[in-house]
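**Q** From the sequence below, what's the structure:
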Amino acid sequence: MVGVLVCSAALGQSNAGQAREIFRAGLALEAAGDWAGALVKFRQVAEDRPTPQVRFHIARCQEFLGRWTEALGTYRLALGEAEALQVEEVLQEGNRARLALEERIPKLTLVRGEGAEAAVLFVDGVEMGASAAGAPPRGTWADVLQRSLRPPRLVAARPSLA
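**A** Residues are numbered from 1 along each chain as shown. Purely as a prediction, here's the structure:
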């Protein structure tokens, strides 16, 4: 279980008390498993005080709400800021969470067979584009695969031979 990262003096002086209170409310909602409610609270804090700790908890909420690619991006933002500010707790917990999430994100590599170089690839009705074949999924492609409650329907539209 990921430890709780406490939002500290990084919140600054103005409205620090209010931000801490909202942050604590987010932690309580997070501990109760109310990820959507916690996300609202953490985003409120982030509007004025976007610290690495706050971003880390936003990413956790996104992850538990099933928004994996968004969470991965938010973990990376938190880690970048934590590195710049030397926030060890976020670096340790954030890296652990990011790596675990990356392992859970589905990966699919499509390889075009001989003579299918001009084929257009679709996954669940979303065109993947020419560069998608042979590359790991990114962005929308990963989101489509993740959201799918059934295996994705793959269709390769072949160019006309006429």
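
**Q** For stretch 26-42, which residues meet the burial criterion?
**A** 26-27, 29-30, 34-35, 37-39, 41-42 (16 or more other CB atoms under 10 Å). No exception for glycine: its C-beta is placed from N, CA and C like everyone else's.

**Q** any chance of those residues in a markdown table, with distance to residue 114 and pLDDT too?
**A** Converted to a markdown table, these look like this (distance: CB to CB, whole Å; pLDDT from 0 to 100):
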| residue | distance to residue 114 | pLDDT |
| --- | --- | --- |
| 26 | 54 | 96 |
| 27 | 56 | 96 |
| 29 | 55 | 96 |
| 30 | 52 | 95 |
| 34 | 53 | 96 |
| 35 | 47 | 96 |
| 37 | 53 | 97 |
| 38 | 51 | 97 |
| 39 | 48 | 97 |
| 41 | 55 | 97 |
| 42 | 51 | 97 |
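
**Q** Put together TSV for these, with secondary structure on each row.
**A** What follows is the buried residues of stretch 26-42, written out as TSV (DSSP: H, G, I helix; E, B strand; the rest coil):
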residue	secondary structure
26	helix
27	helix
29	helix
30	helix
34	coil
35	helix
37	helix
38	helix
39	helix
41	helix
42	helix
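
**Q** if we take those residues, which one ends up nearest to residue 106?
**A** For these, the residue nearest residue 106 by CB to CB is residue 35; the value is 20.7 Å.

**Q** Do a quick rundown of the helices in this protein.
**A** 16-31, 35-48, 52-64, 68-85, 88-104, 140-147 (DSSP state H).

**Q** how about those, which one is nearest residue 116?
**A** helix 140-147 (18.5 Å).

**Q** Report the mean confidence score over stretch 109-120.
**A** The average pLDDT within stretch 109-120 is 72.

**Q** Start and end of it, how far apart?
**A** 15 Å (CA to CA, to the nearest Å).

**Q** go on, stretch 25-36?
**A** Counting by CA to CA: the opening and closing residues of stretch 25-36 are 12 Å apart.

**Q** neighbouring contacts of it?
**A** 4, 37-42, 45, 57, 60-61, 64-65 (CB atoms under 8 Å, 6 or more residues apart in numbering).

**Q** Swap in 6 Å and give it another go.
**A** 4, 37-38, 41-42, 61, 64-65 (CB atoms under 6 Å, 6 or more residues apart in numbering).

**Q** which among those gets closest to residue 97?
**A** residue 64 (10.7 Å).

**Q** Who are the contact partners of that closest one?
**A** residue 35.
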